[in-house]
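In: Predicted model, plus sequence, below.
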Amino acid sequence: MPITTDVVDNIYTNIGLTAPPSDDNAFKKELGQSDFLALLTVQLANQDPLAPTDSKEFITQMSQFASLDSLQSLDNKFGSLADSLTSNQALQASSLVGRQVLIPSTVAFMHEEGGMSGQINLPTHANNLRFEIRNANGEVVRRVDVGDRDAGDIEFFWDGKNEDGEFLAEGQYEIVAFASVNGQAEQIPTSIRAQVQSVNLGSGFGGIVLNLTGLGQINFNEVKAIG
């Protein structure tokens, strides 16, 4: 927090002086430690010998300046830290272009004859785990039975073929997983792998956005794994 001209005016008033004009060429808008010490010296030199400045008031003024100086220093350090973190994030994010990232989603983009992969995120033991692949019209094009599984992240891969063994067209497909948990049928969350096409750099913390091939944008903070 900088010491502004309002604070300076009050200091001059307290010691019985008039602040100089606040013209940019005549006066700095912010004061440093040496400026404040100079003001204190003037205050001591011009105080009434019969009514000297109260020691408590003097200590209060020094404490106020120390607090302002500390806040200004802290603000500068946080600014430097933010710049450093943004630079590090930008460097890391730029290296992701062309690579795959794992993100929480039920929608994936399949390249022609490329297939797609991801994880079924099973929170607890389940029976009859299975997943379906659905096209953009919501039609089921492939069913895969996984069986009984314990809690954990279960890898899956779809080769891009339908039930008849034919390759399907490139595009978006939905992966929906189901299982029986404690006797009740439940939909299980999934994560998919997507390719990073480009990176947008915003400002501040968490300002990096990844552009995923065929899927749009996602915040860098939502990425679960890289590669």
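Out: Alright, I've got the coordinates.
In: Who are the packing partners of the strand or helix carrying Ile120?
Out: When secondary structure is defined by DSSP states H and E, Ile120 falls within strand 116-122. In this structure, strand 116-122 makes packing contacts with strand 100-104, strand 107-110, strand 126-134, strand 152-158, strand 171-181, strand 184-188, strand 190-201, judged by 3 or more C-beta pairs under 8 Å, 6 or more residues apart in numbering; DSSP states H and E. All C-beta atoms are positioned from the backbone trio N, CA, C, and that covers glycine.
In: What's the mean pLDDT across the third one?
Out: If I follow you right, that is strand 126-134. Per-residue confidence for strand 126-134 averages out to 95 on the pLDDT scale.
In: what's the angle from it to strand 171-181?
Out: With axes from the mean of the first three to the mean of the last three C-alpha atoms, to 10 degrees applied, the angle from strand 126-134 to strand 171-181 works out at 160 degrees.
In: still on that earlier bit, can you list the strands that the strand holding Ile120 pairs with?
Out: With DSSP bridges as the criterion, the sheet partners recorded for strand 116-122 are strand 152-158 (antiparallel), strand 190-201 (antiparallel).
In: Going by mean pLDDT, which of those strands comes out lowest?
Out: strand 190-201 (a mean of 90).
In: mind checking the end-to-end distance for stretch 129-147?
Out: Distance between the two ends of stretch 129-147: 5 Å, counting by C-alpha to C-alpha, to the nearest Å.
In: Any buried residues in that stretch, and which?
Out: By 16 or more other C-beta atoms under 10 Å, the buried positions in stretch 129-147 come out as Leu129, Arg130, Phe131, Ile133, Arg134, Asn135, Val141, Arg142, Val146.
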